[in-house]
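**Student:** no sequence for this one, just the structure:
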């Protein structure tokens, strides 16, 4: 009953042609992937060296020297390989594939006879391996290796990295578990859980699923493995003064007993993604219900309107229900990406659009805000309110950067953005034997076998700037299947036509469902009405009382100093504003901007020498407010920015 | 021209009988002073030992052992002695004086032949003295010793501690300065500057004033002494990653070039107090103007409505103009006290009520908020907005305590509160040969020679709950002098009578000035109209946009969860609220409370599962808001608190 009902669209069967997304994909292919390869090889002038490839060369015995860089440095090449794999599916590139193959050869040469493969321990002493799972990221690196291997196998059909990864997994399986002689450890930084489930999907080796399930079920059991590790090593527990303690690692309780998203936000959603995978692969209803509880806690209590998560820089973590500060926020790009990972898996089990709604929210806002429009600079932290002087002079906001930063050697967010964008088609469409679900609306061509017959789909849209989506079906034989079109949660008014005929389609779990025999040339037209919408937050969110966020379709808007002057806190929207909606082709690579009459708190009764004075009533001056899409902020001159505006 | 025009009222010539303040003074005398003496002697069960007296005993050779405790531990006994001294002026106590004399004997026995007296270096190696002025607080301890010595001399006429202190000062004078063979150092934590000026007032030893002036003028000169010390010791500069760098110590620039209050707030206002002292003692107009600039920067751009200063916990420091967050605030009790020190000195030079206005603002709000009504618990941090869960789970607010804490061994704020409250009369009244200024309105009896003749004053008032103040003059001979009554900045309507006759008194720099021949029995009646006032902040203060603070007289009010429920961010005042003003004798030791009809953002259209929804206009429910004085918050059950309320 809990089995996955849908699968990610095979990336080799989809060609994205979308105005909006294709540009991002090309940036990843032409800028990010080549840049990262240079970074991995320490060839970026002025950047801190990564040492990633160097560590593999040393571990493989190709050169002398010890381990350098961060303890999780191995994962960088795996993330790169994963992005490369996706890129190869829609843009074959012999030279790139050759480079990737060579990297895989190098990785394979570093592998130990028993399959072990972490250069940190290979170079620092294998006797210490599996002694600091809490903090030393061995299983995290393994997880990313598996994800790369799966992607590369799907993209190229080549098994080499898959075999290397499987061997490392088998080594972990031999060393970790409940059986006598094994350590009862599990990953300090999650990712292996979902990776192992994907590996099992290919290998069908039960050990791979078993290890994933063990990692999930053992987590948080007493006596706490992480605490024992600290005790044995004598090392101090880094989070001893925190309120979250081992919940930093989502290990304060068995995962089935957890009902609040806590601790490091990226680790949390990676874990939950793995839990969803294992729940469906093992048909574990109880585990699935834990996923639902944690999901609900996030989206009902702890998610920013941009789909970002993680309210504080301290531990890069969740804080508590309704605590969503806009200016001291963490909102790591990777965490929003992880939420998408979690969402996709929950959707695949449930076919419920509420998961895809969040996927869309995070994608168009909190994720792509993480990359500059030219693909060269990245945010880790995606604030909803920025004052440049505060970022410089208020320690609580020093992590909040006013401009995206160049990619550094030990980056996590940039490669995560790269691998997501390079595989975006897989998040847009999902299939089963007799259904195709459209979750994201992006233009492209897909091929799928439905009803046992070949069908091609040609999708055109100018989404997110316009709500019209057309789907042209091409097939040699009539085919009966379900075409399910998501009616987004933000959409109040929509229509659906087939070959010009209005359809009164049933809506199931948020999807307009066309169950019919599709013939060659059938044309489906979905029209989503996309007015500007003001959104308010639950009044328990302290920071957003008396404020609204401006949205149009899935896009959250913001005010920037460049358009509106500084002191953005002084600006108010009118109670029922009329917005001018304009597509500005030359602005920020082409965006729809919104302008409305508003007002600004008057400073006329104030002189610069007065800090407090008796209240004499409200006093404003008229001002036109111009909003741009949030994701595009600080691609011009840096300055103040604000999402939640007073009303 | 810059000489001090007024002097603090001699504490031995004043008896406070005031309802409001006498209670605090008695708490200091009966609770705080005895408790601290036990703490200094490590006799408080469950508290971390102070080791202060132990260190002196060891330094004096009375027992074996090394230095223990914080590097500035010596200062604790000096602060205690200062509070004791003040207490003895209004409550002679032979036993207490004997205990103090014995402590002074012990201190004297620890003094080295050349006058040096810091137990940290006496016990750790005198060869290291004067090598870490940046961080090791030698001159801070000396400063507090001098302040204690001056107070004890004024209170008892006994010179012993004064001589000990002067000898230490002379030792510092021999070691620090611009002359060849001396180190060009100055205090890392200021306080000595103002202390030395006070010492000079008694000793008239020019070295004492010279050293103060040198400390001030050398500060921030290039090459920077503190940076050289770091270089020589090889120690890392703790604030290397901060934006303020050596401005943490107010040493980034020569003090005359500084125009923004920066760095550690307590150190800053202690320095500025010393600068004001030296400016007046040396008639240094340029230095005075630097004081004015720094004063203006604080009160025009960086002061909370409670008179608190220091916007961030990082470095316990100022941040930048108009940055006054209410919830992540530092607002250390000591900093508000230091602002009062600075204010008094500026007032004594200028006779301008704007300084006394700030003194009053800080005293009734940001200072006494630091002590519980029973005198047993203390705040270091005085927030203007508190949510208990945030203090527990948001790292940015973990320094913000929801309840005052018991006094610990290494306390700074509690003894500072103690010495201020024990000497409050000296802040209330100031005198010259032919004038008496009333800055604070508190009931009591004073004696002063004015016009060469003995005059007694009997003041009665129920301030701050009522704005009526009566002054009865008693003298044997008619006396011609100025009685200057401050008309507070918050007061818009007032009247003045002498013997029942309305006076049309001239107002000079904020003082209603009665210049006349006063006869025995003259009765002066000042009536300050004290309506409830809503105050707004400059619209550049981001946190306070759309909000007001409620004040009545000098008292800032707040909302507490105990009276108003939780989720205080949902509460709004009506645009023109009518307040019920009620003196509640049994509440919080007797306070005036304010109630008004207001409203609360309705949660009716929300369910607990919805975080964001389309804005449908504003929706409120009626609610009565009850305000209590800010200083008295969290003296009942702990909960949310809010000063700036929406309107």
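**Tutor:** Arrived safely. Remember, it's a predicted structure, so these values are computed and weren't measured experimentally. Residues are numbered from 1 along each chain as shown, chains lettered A, B, ... in the order given.

**Student:** contact partners for the residue in the stretch 201-350 of chain A that chain B sits nearest to?
**Tutor:** Across the stretch 201-350 of chain A, no residue is closer to chain B than residue A:314, which sits at 3.1 Å (C-beta to the nearest C-beta). Placement of C-beta: from N, CA and C, glycine included. The contact partners of residue A:314, by C-beta atoms under 8 Å, 6 or more residues apart in numbering or on different chains, come to A:242, B:394-396.

**Student:** need the residues of the stretch 351-500 of chain A near chain B, please.
**Tutor:** A:387, A:389-390, A:392-396, A:492 (C-beta under 8 Å from any C-beta of the partner chain).

**Student:** ok, which stretches of the stretch 101-250 of chain A are strands?
**Tutor:** Using DSSP state E, counting those that start in this stretch, the stretch 101-250 of chain A contains no strands.

**Student:** which residues touch residue A:3?
**Tutor:** A:280, A:283, A:349.

**Student:** not counting its neighbours along the chain, what's nearest residue A:406?
**Tutor:** Counting by C-beta to C-beta, 6 or more residues apart in numbering or on different chains, residue A:406 lies nearest to residue A:377, which is 5.9 Å off, once chain neighbours are set aside.

**Student:** next, the one you found: phi, psi?
**Tutor:** phi -140, psi 150 (degrees, to the nearest 10).

**Student:** let me see the backbone angles for the residue of the stretch 201-350 of chain A closest to chain B.
**Tutor:** In terms of degrees, to the nearest 10, the main-chain angles of residue A:314 are phi -70, psi 110.

**Student:** distance of it relative to residue A:328?
**Tutor:** 10 Å (C-beta to C-beta, to the nearest Å).

**Student:** common neighbours of those two, please.
**Tutor:** Counting by C-beta under 8 Å, 6+ apart, the residues touching both residue A:314 and residue A:328 are residue B:396.

**Student:** all helices of the stretch 401-550 of chain A, in order?
**Tutor:** Using DSSP state H, counting those that start in this stretch, the helices of the stretch 401-550 of chain A run over A:413-422, A:424-428.

**Student:** ok, how many other residues are close to residue A:98?
**Tutor:** 10 (other C-beta atoms under 10 Å in any protein chain shown).

**Student:** confirm that it sits in a strand.
**Tutor:** No: Residue A:98 is assigned helix when assessed by DSSP: H, G, I helix; E, B strand; the rest coil, not a strand.

**Student:** enumerate the positions of stretch A:610-628 that are buried.
**Tutor:** Buried residues in stretch A:610-628, defined by neighbour count with 16 or more other C-beta atoms under 10 Å in any protein chain shown: A:611-612, A:615, A:625-628.

**Student:** flag the shaky bits of chain A, pLDDT-wise.
**Tutor:** For chain A, the stretches with pLDDT under 70 are A:1, A:407-410.

**Student:** let's see it at 50
**Tutor:** Scanning chain A for pLDDT under 50 picks out no residues.

**Student:** helix, strand or coil for the residue nearest the centre of chain A?
**Tutor:** Centrality entry for chain A: nearest residue to the mean C-alpha point is residue A:337, 0.7 Å, by C-alpha atoms, centre = their mean. Counting by three-state DSSP, the backbone at residue A:337 sits in helix.

**Student:** I'd say it and residue A:367 touch.
**Tutor:** Yes: look at residue A:337 against residue A:367 with C-beta atoms under 8 Å: they come within range, at 5.7 Å.

**Student:** what's the overlap in contacts for those two?
**Tutor:** A:417, A:420.

**Student:** how near is residue A:488 to chain B?
**Tutor:** Per C-beta to the nearest C-beta, to the nearest Å, residue A:488 is found 13 Å from chain B.

**Student:** need the contact list for that residue.
**Tutor:** A:353, A:357, A:360, A:528, A:553-554.

**Student:** and what of residue A:467?
**Tutor:** When contacts are counted by C-beta under 8 Å, 6+ apart, residue A:467 touches A:491, A:494, A:526-530, A:553.

**Student:** can you check residue A:578 too?
**Tutor:** By C-beta under 8 Å, 6+ apart, the contact set of residue A:578 is A:596-597.

**Student:** if we can go back for a sec, quick check: the farthest pair among the buried residues of stretch A:610-628?
**Tutor:** A:612 and A:628 (34.6 Å; C-beta to C-beta).

**Student:** distance of residue A:226 relative to residue A:235?
**Tutor:** 11 Å.

**Student:** between those two, which has more neighbouring residues?
**Tutor:** For residue A:226 versus residue A:235, neighbours defined as other C-beta under 10 Å are more numerous around residue A:226 (23 against 12).

**Student:** torsion angles phi and psi at the nearest residue to that one once chain neighbours are set aside?
**Tutor:** Nearest residue to residue A:226, sequence neighbours excluded (C-beta to C-beta, 6+ apart): residue A:134, at 4.4 Å. Here is the backbone geometry of residue A:134 (degrees, to the nearest 10): phi -50, psi -50.

**Student:** repeat for residue A:277
**Tutor:** Note on residue A:277: its backbone torsions stand at phi -60, psi -50 [degrees, to the nearest 10].

**Student:** so who does residue A:430 touch?
**Tutor:** Per C-beta under 8 Å, 6+ apart, neighbours of residue A:430: A:6-9, A:347-348, A:436-437, A:439.

**Student:** and what of residue A:546?
**Tutor:** Applying C-beta under 8 Å, 6+ apart, the residues near residue A:546 are A:646-647, B:546, B:601, B:646.

**Student:** picking that back up, which ones are touching the residue nearest to the centre of chain A?
**Tutor:** A:362, A:367, A:416-417, A:420.

**Student:** turn these into TSV, including distance to residue B:45 and neighbour count.
**Tutor:** Formatted as TSV, the contacts of residue A:337 follow (distance: C-beta to C-beta, whole Å; neighbours: other C-beta atoms under 10 Å in any protein chain shown):
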residue	distance to residue B:45	neighbour count
A:362	54	28
A:367	56	28
A:416	54	25
A:417	57	27
A:420	59	28
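
**Student:** which one of the residues you listed is nearest residue A:341?
**Tutor:** residue A:420 (8.6 Å).

**Student:** right, and that closest one touches residue A:367 too?
**Tutor:** Yes: if you go by C-beta under 8 Å, residue A:420 and residue A:367 touch, sitting 6.7 Å apart.

**Student:** before we move on, back to that, quickly compare the helices of the stretch 401-550 of chain A and say which is most buried.
**Tutor:** helix A:413-422 (a mean of 28; mean count of other C-beta atoms under 10 Å in any protein chain shown).

**Student:** what's next to that helix, contact-wise?
**Tutor:** With contacts defined as C-beta under 8 Å, 6+ apart, helix A:413-422 is touched by A:21, A:24-25, A:27-29, A:32-33, A:36, A:76, A:79-80, A:82-83, A:86-87, A:151, A:332-334, A:337, A:340, A:367-368, A:370-371, A:378-380, A:407, A:427.

**Student:** do stretch A:501-516 as well
**Tutor:** A:350-354, A:356-357, A:437, A:480-487, A:489, A:494-498, A:524, A:526.

**Student:** tell me how far residue A:129 lies from residue A:59.
**Tutor:** For residue A:129, the distance to residue A:59 - C-beta to C-beta - is 12 Å.

**Student:** neighbour-wise, which of the two wins?
**Tutor:** Using other C-beta under 10 Å as the criterion, residue A:129 and residue A:59 rank with residue A:59 on top: 24 against 19.
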